[in-house]
Every structure is written in structure tokens, then in C-alpha cells.
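# A predicted structure for the sequence below; I have some questions about it.
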Amino acid sequence: MTAETVISCKNAWKIFGADPEKYLRSMPAGHSFDDIRADGYIAGVKDVSIDVTRGEMLVIMGLSGSGKSTLVRCFSRLHDITGGTIAVEGQDLMSLSEKELIELRRNKMGMVFQSFGLLPHRTVLENVAFPLEMRGQDKHARRERALEVVKLVGLEGREEYFPRELSGGQQQRVGIARSLAIEPDIWFLDEPFSALDPLIRREMQDEFLRLQGMLGKTIVFITHDFDEALRLADRIAIMKDGAVEQCDTPDQIVLNPATEYVRKFTEEIDKARVVRAGVLAQGQVMGEGEPVEASASVQDLARLLVQDARAVIPVAQSGKVIGGMDRAAALEILLEAS
Amino acid sequence: MADITSDLKADTTSPAHWSRGKWASVLLLVAVMLTALRYGGLLPDTLHRIPEAMIPPFAAWLDVFFNFVKDDLGLLTLTRTLTEGLEWLLDITANLMFGKRRWPFVGPIPWTAVAGVAAVIGYYLGGWRMAVLGAGTFIWTALIGQWTIAMETMSVLMVAAPLAFFIGLGLGILAWKYAAVNRAIKPILSVLQTLPFFTYLLPAVIFFKVGPTAGAVATTIYAIPPMILMTTLGLQKVPSEVVEAGNMSGCTKWQLLRHVYLPSARTEILVGVNQVIMLCLAMVVLTAFIGMPGLGAKLLAMMGSFKLGRSFEIGVTIVLLAVTLDRMSKAWVVKQPVHFERGTPWWRKHIVLLTGIGVFVFFCVAAQFVQVFAEIGRKQNFSQGKEIDTLIKGFLALDPVQNTTQAIRYVLNVWILNPFRDFLLSIPTPAFILLVVAFALSLGGRRPAIYAAIFFGLVALSGWWDRSVITLYSVISAVTLALLIGVPLGIVAARSEKWSQRVLLACDTAQTFPSFIYLIPAIMLFGITATSVVMSILIFAMVPLTRYTIEGLRTVPPEMTEAADMAGATRMQKLMKVQLPLALPTMAVGFNQAIMFAFFMVIIAAFIGTQDLGQELQRTLAGTDLGKNFVLGICVSLMALTFDLTIMKWATERKKALGLPD
């Protein structure tokens, strides 16, 4: 399967400090984050190479200060990178003129912010219509479109409210609506639900999944909450000190952590909930009898795994058996979790 | 002002502290020895005061420079051209407000219409109370028979305040955008804020003609600095995510400034507007000294001829105007937009605007038919000037009152003020400079000490040493007295929430009064004497002292006072060991402000009759002695800056050391 690459990031560096370009040129290879800090610079993004394909949801994870927000700001060129290249739909971001960059943002990109970034002096409708206004759409058309998006995020009837009159969850719905107003191809979300309380967060995640189901956009989503990442991600990139430690599917991250840091990071995770039968299905031995669904997690299959006597259980995807799951291995994951 | 010091490296390590104190004591010792030598008659005169012959002719040099700029560079032609434009604007407001016979020939607007519109605006901004305040102020002004002079003042204010706003906003944006502009502007602002207002006045007169134009220019310049500072501050405080959201929405640079930055900095910009209005009012009253007609001129004339009743009435008018303008502009700061339900009819959304227009039109029409609605004639007003005058003078003539004021005057003059002044004057110049440097060194460290040496050295070289010392003497003695009253008052008030609020409100209100007002009670009680000078400065300087004492004490973190309580501290122990040390940096800011206020007031008090720099400054206003005017002004500014730099440095360092927020 060769999916189209939307964002292609190659050896990207973002260094903060007095004269980062010069420093990066003269910096010896293999300098660690701490070495760089000792020289008086901060490596926000450290030699990151990552590709995002069309329609994919990439979740970037890490503790605060790990560089995840910086990386996403490099993707949208809110930060200029210090070294390497980032291309969006084949265009090298750093070679864009200011005008081209503005055009790109006006037509292709949307972004949602952790603390919403709403304009306090504008109503909900005016906030949502803001990107349309900036690109010079006429008043009627932008009102029409803004009403449509406001309805999409479930804020009907609040169009004339000001941000401060809304709850946190509602404010973020405005943020989401604003980022969707221009119908972007690429959607950046920087910890969109971190500022919300847990109940609302859950609700907003469901809402987000519903929207994504309808819209199918290319998404870069930042979070520090592993549960959130597991719920949403196609792929997860785990960052530490500006560098990507591992970028893979959730099951792979849990089953085969690439580094010690990732292993520690995922230690507390309930693997049985993450690992799905499809991943455990081996090609050679198919097993016999009634197959299980590839999308079912080990936890979903707990009762069956305990009661079934077969050594290998067939796994089926859309009615077709794709391999056999070793019951003992699956049980091992289940036991480890409890 | 603090910004100059903020970029200096803080050296708070303990050995540095120690050597700082030691150096200061050495300087102190030398100063004492020099003074002792002088008393023993052993110090040669050249070391006591710099000989006349050695004083460089700064004034003459400045005059040459000014003449070059004025005539050869053609600045005068430029400003005279600007004058015409400004005059045109001033004529319009003058015609509208008090019917000066100039284009557009429609005024004057009836006083009832002005009061009505003020009530509507007040209602919009702050409900019924503000409406009553707005209307009440203008009704009072009209009924008391001061409408024309008040409107003369307002007409200048209405031109100067918007001008100061736009210039300040523009410069503020530039200073925020370009670091170089910021660096260039900051020191100029510090000097401008300490420069006595007389120094603004003379150049304004020379370059912009006597009368309203010069008044408007001086007022505008005076009000610009806080607008610049607030604009820069507000723009810096816009949350980065809001800016990023703007960027991601595809804003161009201009759109970002226009739609994202400026609206998000609304609060700070409106605080700037409030300050611009208040400073304009304070200054426009003072332009009386260059012959600007209006409330200030009238007050000056009335006080000059000791007509206390009329002075009092004008004082009330000025205070009412100040409070109204201040409350309304502050209400505007906190006013948040409120949405209308969908389907609200058009007229309902704009009801306030429509009412305002309605009221205005109604009174304009009514004034055509009912004469008193248009203006209150000379004989119709309710001024009780004479009666109040007799009353006050009668009260002052009462034996107990007279005895008290005379006793205070006697004690202050004979026992405290005069000996202190004579002592200061007896100190040799180099010893005096050393004393100031020792003070700056022990409090602020090396950098302020160097500044102190340079600044006071320049003052000594200016040739106005004795007058400078007398200025400083008035400031020090008044601030010391203010400390003795203001700080205990603040400490007592800070004990209870209720009293804190009350006293803070009183201080806030008092701070909005134009400084000129403070002369009235002093003159009433002590007549036109040296005691009045000290008294007026004392009242004026007490306000920030009390205010910051309360704020300092109230912001001591509750867990610390609770810890003191749990440790079994008595109320006194708690105050001395916990609250005061923590409040001290904040109180120092108040102390600094008190000194700045005192420097400001002492110059105004020249009107009463002093022998200091202010007196000389006021004299220059009559002529065209620009060079001398500047030398005198800079002397005041340099002395004030020395204190400002030192105390603010100490306060910031101390706050940092205690881990208190700025």
C-alpha cells in the first residue's frame, strides 16, 4: 500500500538560542540534548524525520517540554526550522515566501490550540468566520459557512455569544469550528482537550472521532495523555528531549518498545486493551474452528481465551481468515495486564 | 523608569553586599569630615561651592543650540505650520463647547445637552450611579456659573487627549515592534516623566504661540509617555496562542495587528486612555501659567487674590470633572461586550446610542425656547463664593483654629524646617554629592551610585546649586513628614478589609485630582507662606505612601501570617517581623512615587513663593530664556532620576530576593 505523503519531515532541527543557524552548522555530530544545553542552546526539535500520509491520524506524545508542540509548529511554520527540510504536499515550507505561506494556511491548514486562542472581542460566529474574513471572502458567504460549521460542532443557538460567556468545552468547540471553517486538508491539534476536565474531555474525544469519521482529514494530534492517544491514533510518535524515540502503531509501541524510555513510558498501560487479535495473527498456522475478529482487543477476547482449549485460534478480517493467534501468547498479555 | 535598572545585572551575593556597605560608610565618613572642616573654617571656599568662574555657561550653549534648531533648521516654520492645523481643531471644539466665534459657527452646545449626553454615556458604562455622577458634574458646573471657563478647559482637553492617544499608540506599536526604537525611547520617557512641567511649557509657547495652542501641545506631550508604555505592555501580553491562531487563520502582518493584537490588548490600551485623560486634565489646568484661559487660570487668579470661596468652588468643579472622567474611563476598561439574543430588533441593539441622540436633540431644540436650558446667565448662577469666603475666613479667625495653625507653623518653621534647610545649605558641595552617592550605593549598588555622582555633579556644575538644595530640602522634609503620617495610617487601615477598601478608594480618588488642587487646603489653612508649600507637598505625597503601605501589607501571602500566628507571634511581632519586611519593597515603590510627586509639587508651589528652582523656572516663563529654562528643568529631573533609579533598583532586587512577584 503506497499512501500519498502529505507532510514529509527530513532531519528537521529547531534550536532556540542566540544564533542557532551558526551553532547548528558548527555543532559536532552526536551532540546530545544536554550537550546542546550546556552550550546555551535548547534543542526544541532534534533531528526528526517523520512522514504523515493522507487521511492518517498521527498522534505525537511526550511529557511537557519534550518538543511535541514545537514540532507541530514547525509543520505549520509558526516556527522556522533551523536545519533539515519539511515539505507539505511537496512544497518545501522554508522556501515559501510570506505570501505563499499565508495562502497555504488560508487554504490547506487548520489548527486547534490548547488554551483555545479565541479572540475575546469577537462573537462565536465572528471567531469562526475569522479565517474566511482574512482571506477576503464576502460577508454573506462567510456567514453561511460559519453557521454551517458552528452547527457541525453542536453550538447552534450560541452564535452571538462571546468566548468568555462559554464553558471551556464550548470554547474549544469554537476553536475546532474555526479551524474547520476553511475546509483544511491538514488538521493540527495541539493538546486540544488538555485544558478540559475529564468528563468533558471524554465527550469531546467522542465528538472529535465523529467529526473525523465524517471528514477524514490528515491529522497531527498532540497529547500527553496515553489513553487519549490510544483511543485516537493510527500511529503514535513518542518524543523525548526534542527527538522522536519511536513512531509506530499503538500495538507495536506497546509490544515492541524501541527504547528503554518507550518501555518505561508504556509500562503502566493495560496492554490487553491495546493489542488486537490482528496483530497476534501469525501467517503460517491458521488454526481451526470459529475465527475471532481481527479488530477485537485481547481484553475483548478474555473470556474466550480462558475457556477455549485450542492452541491456535484463527483470526478473520472482513470474513476472511488472515492468520492464527497463539492462545498462550494472548493469555500472557492478558495476565500481564492484571 | 524602572526599565533602565531592570537590565542591570543584580549583584546580590553577600560579599558584594558587604563591600557595598563598607564603601558607603567610607564615603559617608569623608563627607562628614569635609563638613566638619567647613565648620572649623578650614575648608577653602573653592571646595565649599564651585566658584562662579568655573561654571560652564550651559544656558548659553543651549540657547545657541536651540536657536540653530529653531531658525537655521527651520523647526519654527514647521511648528508654526502645525500650529495652524492645531488652531483649526481647537477653534472647532472652542466653537462647539463655548461658542467662540469661529468656523463652524454652530455652538455653543447648550449645557443641558452636554449634561444629558454625559448621563447617557454614564448609564451605558456604569449604570445609574455613573449617570448621576456624569449629569451631576455638568449641572453643578453650569449652576455654579463656571460653564464657560470649564468648557474652555474641556475644549483643549478634547483636542489634546485624542492627539496624545494616537501618538502614544503609534509610538507604542513601534517600540514593541522594533527593539531599537524601544531602547531609544525608554530613557527619553524616564526623563520626560521627571521633567517639571514648567519645562514643557516654555518650549510650547516659543514654538506654538501663546494660548490654547501652546497649552494643547504641552498637554499632549505630557500625556504621551504612559500611553506608549501601556501600549507596549498590552501588545507584549497578548497570549502566544491567540497570535498563532491569527497566523494559522492566514493573517497578513497588518491584519494580525489590526484584528488580533490591538483588540486583544484592549484592556491595557484603555488603561492607557484613562491615564492620558487624567494627565491631560492635570496639565491643562496647569497651563494657566502660560496664560491659557479656563478653570486653571481662574483658580490661579482667585488664589492669588486670596478669594478662598471662589477657589473652593472651582476646586470642586475640577475635582468633579476629574472623578467623572476617571470613573467613566475606568468603567470602560472593565466593560465587556454582552451578546443580544438572536432576533433582537435593530433599535433594541442600539438603544443607548439612540437615547443619546434623542436627549441631545431634545435639549438643543428646547434650548431655543427656554433660555436657561441654553445657558445660565451671570446673575442667575448659584455661586456662593462670597459667603463661603466669609465662612472660611471666619473659621480661620477663630482663636483655637488660629492658635493651632500658628503653633504648627511656628514649630515647623523655627524648630524643624529652617534649621534643616540651613544645615543642608551649610554642607560643602562635594560632601553633599558624596552623601547622595553613599545613599545610592548602599541601597542600589554600583550603577545607581555612578548615576548619582554624574547627575549631582551636573547639578553642581549648572550654577544653581543652592536653589537645587532648597528644592531638595522641601522634598525631603515634606516626604519625611508624609512618611510619619501616611505609613502609620496605612498600617492601621490594613488591619481590616473594610478600612483597607475605604482608604484605598480615597487614595485612588485623591490621585485623580489635578495636583493644583492640593494647594487649596494648604493655602486655606496656612495662607501664602512657606508652611503651605510643605503642607501641599505633604498631602500630595501622602497618598502614594498610604496606598502602597496598604497594598504591601495586604499582599503578604496569608500562609506567612498564619505561620506567624501559629508560632505564637503577638500582633506587634507579626507586624515587625513578618508583614513589614515583606511589604517593604512595595512600600519602597510608594516611597519613590511620593518623592516623584513631591518634586512635581514643589515646582507648582513656586506659585506660593519659594526660593528654589521652581521660582526661577516660573520666572523664565515670562521671557524667551529657553536655555535657562532647560538647565533648571534638567536639574530637577536629574535629582528626581537619582532617587528613582536607586529606590526602584532596591525594590526590584529586594522583591527578587524575597521571591515576590513584580
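Ah, there it is.
# hang on, B:L519 packs against B:A606?
No: B:L519 is beyond contact range of B:A606, at 10.8 Å (criterion: Cβ atoms under 8 Å). C-beta here means a position set from N, CA and C on the backbone, and glycine is covered the same way.
# please compute how far stretch B:288-302 lies from its chain's middle.
18 Å (Cα atoms, centre = their mean, to the nearest Å).
# start and end of it, how far apart?
Chord length of stretch B:288-302, first to last residue, is 12 Å (Cα to Cα, to the nearest Å).
# mean confidence (pLDDT) on that stretch, please.
Mean per-residue pLDDT for stretch B:288-302: 88.
# buried set for it?
Using 16 or more other Cβ atoms under 10 Å in any protein chain shown as the test for burial, stretch B:288-302 gives B:288-290, B:292-300, B:302.
# pick out the most distant pair among the residues you listed.
Within these, two members stand farthest from each other by Cβ to Cβ: B:I290 and B:M302, at 18.1 Å.
# A:G40 and A:R25, how far apart?
Per Cβ to Cβ, to the nearest Å, A:G40 is found 16 Å from A:R25.
# and the helices in the stretch 101-250 of chain A?
Assigned helices in the stretch 101-250 of chain A, in chain order: A:124-134, A:139-152, A:168-180, A:198-215, A:226-232, A:250-255 (criterion: DSSP state H, counting those that start in this stretch).
# packing partners of the last one?
Think helix A:250-255. Secondary-structure packing of helix A:250-255 (3 or more Cβ pairs under 8 Å, 6 or more residues apart in numbering or on different chains; DSSP states H and E): strand A:235-240, helix A:260-266, helix A:271-274, helix A:277-280.
# what sits up against that helix?
Here helix A:250-255 makes contact (Cβ atoms under 8 Å, 6 or more residues apart in numbering or on different chains) with A:229-230, A:233, A:235-236, A:238, A:246, A:262, A:266, A:269, A:271, A:274-276, A:279.
# if you set the cut-off to 7 Å instead, what comes out?
A:230, A:233, A:236, A:238, A:246, A:262, A:266, A:269, A:271, A:274-276, A:279 (Cβ atoms under 7 Å, 6 or more residues apart in numbering or on different chains).
# from B:P104, how far out is the closest residue to B:G116 other than its chain neighbours?
The shortest distance from B:G116 to any residue other than its chain neighbours is 3.9 Å, reached at B:V359 (Cβ to Cβ, 6 or more residues apart in numbering or on different chains). Here the criterion is Cβ to Cβ. By it, B:V359 lies 22 Å from B:P104.
# comparing these two, which shows the higher neighbour count?
Shown here are B:V359 and B:P104; by other Cβ atoms under 10 Å in any protein chain shown, B:V359 has more neighbours (18 against 9).
# for the more buried one, list the residues it contacts.
B:116-117, B:120.
# so how far is B:D71 from it?
When B:V359 is compared with B:D71 (using Cβ to Cβ), they lie 52 Å apart.
# likewise A:A328?
With Cβ to Cβ as the criterion, A:A328 and B:D71 are 102 Å apart.
# A:P192 now?
In terms of Cβ to Cβ, A:P192 sits 66 Å off from B:D71.
# for chain B, what helix or strand is lowest in average pLDDT?
Lowest by mean pLDDT, DSSP states H and E among the helices and strands of chain B is helix B:2-6, with a mean of 40.
# check contacts around residue 75.
The chain I'm using is chain A. A:F75 sits next to A:7, A:86, A:188, A:220 when contact means Cβ under 7 Å, 6+ apart.
# hm, I was asking about chain B
Contacts for B:L75 (Cβ under 7 Å, 6+ apart) come out as B:V69.
# show the pLDDT at it.
pLDDT at B:L75 comes out at 84.
# over to it: give its phi and psi.
Dihedral pair for B:L75: phi -60, psi -40, per degrees, to the nearest 10.
# can you check B:R129 too?
With angles defined as degrees, to the nearest 10, B:R129 sits at phi -60, psi -40.
# which of the three states applies to A:I322?
Three-state assignment for A:I322 (DSSP: H, G, I helix; E, B strand; the rest coil): strand.
# please apply the same query to A:Q284.
coil.
# can you tell me how far it sits from A:G323?
Counting by Cβ to Cβ, the gap from A:Q284 to A:G323 is 8 Å.
# and what of A:K46?
38 Å.
# just checking, B:T646 touches B:L443?
Yes: counting by Cβ atoms under 7 Å, B:T646 does reach B:L443; the two are 5.2 Å apart.
# any stretches of the chain with poor pLDDT?
Picked chain A for this. Along chain A, the model assigns pLDDT under 70 to residues A:1-2, A:283, A:337-338.
# wrong chain, I was asking about chain B
For chain B, the stretches with pLDDT under 70 are B:1-18, B:378, B:662.
# okay, now the domains of it?
Per automatic domain parsing, the domain ranges recorded for chain B read B:76-98+B:124-391, B:398-427+B:463-622.
# number of residues surrounding B:Q611?
Using other Cβ under 10 Å, B:Q611 has 15 other residues around it.
# with that, I have no additional questions.
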